[in-house]
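*Asks:* Sequence and predicted model, in that order:
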Amino acid sequence: MADRVISSEADVRTATFSPDGRTLNGLCTDGKLRQWDLGSGALRKTSAWEKDQSIAAFPEEGDIIATTGSGGMITLRDLQSGQEKRRVAGPSGRTVRSVAFSHDRKLVAGSSRVEGNSRDEVMRLWDADGKERFAVPGGIGGTSALAISPDGSVLAAGSYDTDLRIWTTRHGELLRRVQDLPVAMFALAFTPDGRFLAAAGVDRIVYFWDAKTWKLTRKLTGQPEMISAMAFSPNGKLLATGGFNDITSQHPVSILLWNVGTGKVTATKPAPHRVGSVAFSPDSKLLASTSGEKCVRLWNC
C-alpha cells in the first residue's frame, strides 16, 4: 500500500510536483489537468484545452505544460496560472508528437513524421525566439523518449528503431549514435548534475552513458518488468523506475528505488498496473506514481 493516496475524478496518466512542493499536478485521461493541495489532498483547480489540442510534454519539474495541434503549433503554458507563455511554430501541417524543454525553458525540441512518409521522423530544435535551429533525421518508427541535458547543450532521443541519438543543441551535430541496443528505450533522463544519461526500456536494464565521452559506464539490473517510467531525485541520490508486464498492462508490477551511488535497490513498491509516471518532490522526500487509476500514489523516500 502507498503511504498516501490522492484521489482523482478521472484516471491519472502522469503526475508532477509544483516547484514549491505544495501542489500535485495530474494529467488525466479525460484530457484535463487537475491540481491538488499536497497537504490536504483537496482539489484546487481543473483545467481543460481545446479539443484539437493534445499534451506533448509534462515535465517533472511541474512548472510548464506543452500542447500541440494538427497545425504544428506548440503552445507552452504556465502550470500554476494556466496562462500561455509562448508559442513555437512547428512544421506546417505536421503534428509534433514528442516535446522536451531545456531547464531554463529557452530551448524546445520536438519530433514529427516526414511529410508523405509514415515511418521516418525529423527532430527539430527551436531557440528562445522561436527560431528553428536545426532539423535532423530522428529515426524510424517514432520517438520513444526525449531529453535535454541540464545545461541545455545536448539533446538525446530514443527511437523505435532501437537506436539512441545524441546531438549538440548548438548546431544539431550528431555526437553519438548508439546502435548496439537490442530493444527500444521508453525512458531517458540525465542525472541532475548532467554527468550521465540514463536510458531504460524493453530489456529491463538501466544503462548509464558518460555525458562527455558517451561511453557506456554501467548497467543496473533487477527490474522484473519492462521499464516505462524513470526519474532521478533532485538531490541526485535516488533513481525510481516503474514498469509494465509484457503480457498485459493490467498485471501488477513493481516500482524500484535505487541508490544511484551504489546501484543497489533500496526499496520496492507495488503498483497495480503499468506505471505511467514516477516523479520526486523538490525536496526528494516524496515519490509520486501513477498507474492509470483514479488516484496518485505517494511514497516516503
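*Replies:* Arrived safely. Numbering: from 1, shown residues only.
*Asks:* Surely Thr266 and Ala240 touch.
*Replies:* No - look at Thr266 against Ala240 with C-beta atoms under 8 Å: they stay out of range, at 10.4 Å. The way it works is simple: take the backbone N, C-alpha and C, and place the C-beta from them, glycine included.
*Asks:* Mind listing the shared neighbours of these two?
*Replies:* 257-258 (C-beta atoms under 8 Å, 6 or more residues apart in numbering).
*Asks:* between those two, which one's more packed in?
*Replies:* Between Thr266 and Ala240, Ala240 has the larger neighbour count (other C-beta atoms under 10 Å), namely 26 against 13.
*Asks:* Packing partners of the strand or helix carrying that one?
*Replies:* Taking DSSP states H and E as the criterion, Ala240 maps to strand 238-244. Applying 3 or more C-beta pairs under 8 Å, 6 or more residues apart in numbering; DSSP states H and E, we find strand 238-244 packed against strand 226-232, strand 253-259, strand 277-280, strand 286-290.
*Asks:* That one - what's its average pLDDT?
*Replies:* Average pLDDT, strand 238-244: 97.
*Asks:* if we can go back for a sec, Gly90 is nearest to which of the helices and strands packed on strand 238-244?
*Replies:* Comparing these by their distance to Gly90 (C-beta to C-beta), the top pick is strand 277-280, with 24.3 Å.
*Asks:* Please give the element, helix or strand, for Glu9.
*Replies:* Of the helices and strands defined by DSSP H and E, none includes Glu9.
*Asks:* What score does it have for pLDDT?
*Replies:* Looking at Glu9, its pLDDT is 96.
*Asks:* got the contact list for it?
*Replies:* With contacts defined as C-beta under 8 Å, 6+ apart, the neighbours of Glu9 are 28, 34, 43, 294.
*Asks:* where does the stretch 101-250 of the chain dip in pLDDT?
*Replies:* The stretch 101-250 of the chain contains residues with pLDDT under 70 at 117.
*Asks:* Give me the buried stretch members for stretch 161-168, please.
*Replies:* In terms of neighbour count (16 or more other C-beta atoms under 10 Å), stretch 161-168 has its buried residues at 161-167.
*Asks:* What residue spans form the domains of the chain?
*Replies:* Split into domains by automatic domain parsing, the chain comes to 1-8+183-301, 49-180.
*Asks:* Straight-line length of the longest one, end to end?
*Replies:* One end of domain 49-180 to the other measures 41 Å (C-alpha to C-alpha, to the nearest Å).
*Asks:* and that domain, how far from the chain's centre?
*Replies:* Counting by C-alpha atoms, centre = their mean, to the nearest Å, domain 49-180 is centred 12 Å from the centre of its parent chain.
*Asks:* What helix or strand is the residue most central in space within the chain located in?
*Replies:* What sits nearest the mean C-alpha location of the chain, by C-alpha atoms, centre = their mean, is Pro59, with 6.0 Å. Here Pro59 is covered by no helix or strand, with elements defined by DSSP H and E.
*Asks:* these two touch, right, it and His103?
*Replies:* No - taking contacts as C-beta under 8 Å, Pro59 lies outside contact range of His103: 9.1 Å.
*Asks:* thinking Arg297 is in contact with Leu286, fair?
*Replies:* No - taking C-beta under 8 Å as the definition, Arg297 is not a contact partner of Leu286, at 10.5 Å.
*Asks:* So if I had to pick from these two, which one is more boxed in?
*Replies:* With neighbours defined as other C-beta under 10 Å, Arg297 and Leu286 compare such that Arg297 has more, 25 against 20.
*Asks:* quick one, what contacts the more buried one?
*Replies:* Applying C-beta under 8 Å, 6+ apart, we find Arg297 in contact with 2, 4-5, 269, 271, 288-291.
*Asks:* circling back to that earlier point, quick one: strands adjacent to the strand holding Ala240?
*Replies:* Strand 238-244 pairs in its sheet with strand 226-232 (antiparallel), strand 253-259 (antiparallel), by DSSP bridges.
*Asks:* tell me which residues of stretch 282-301 are tucked away?
*Replies:* Across stretch 282-301, burial judged by 16+ other C-beta under 10 Å covers 282, 284, 286-293, 295-299, 301.
*Asks:* oh, I was asking about stretch 41-51
*Replies:* Residues Trp49 are the ones in stretch 41-51 that count as buried (16+ other C-beta under 10 Å).
*Asks:* Quick check: mean pLDDT of that stretch?
*Replies:* Averaged over stretch 41-51, pLDDT sits at 88.
*Asks:* Need the residues that contact it.
*Replies:* For stretch 41-51, the external contacting residues (C-beta under 8 Å, 6+ apart) are 4, 6-7, 9, 23, 31-37, 67, 69, 82.
*Asks:* count of neighbours near Val5?
*Replies:* Look at Val5: counted by other C-beta under 10 Å, it has 14 neighbours.
*Asks:* Noted, bye for now.
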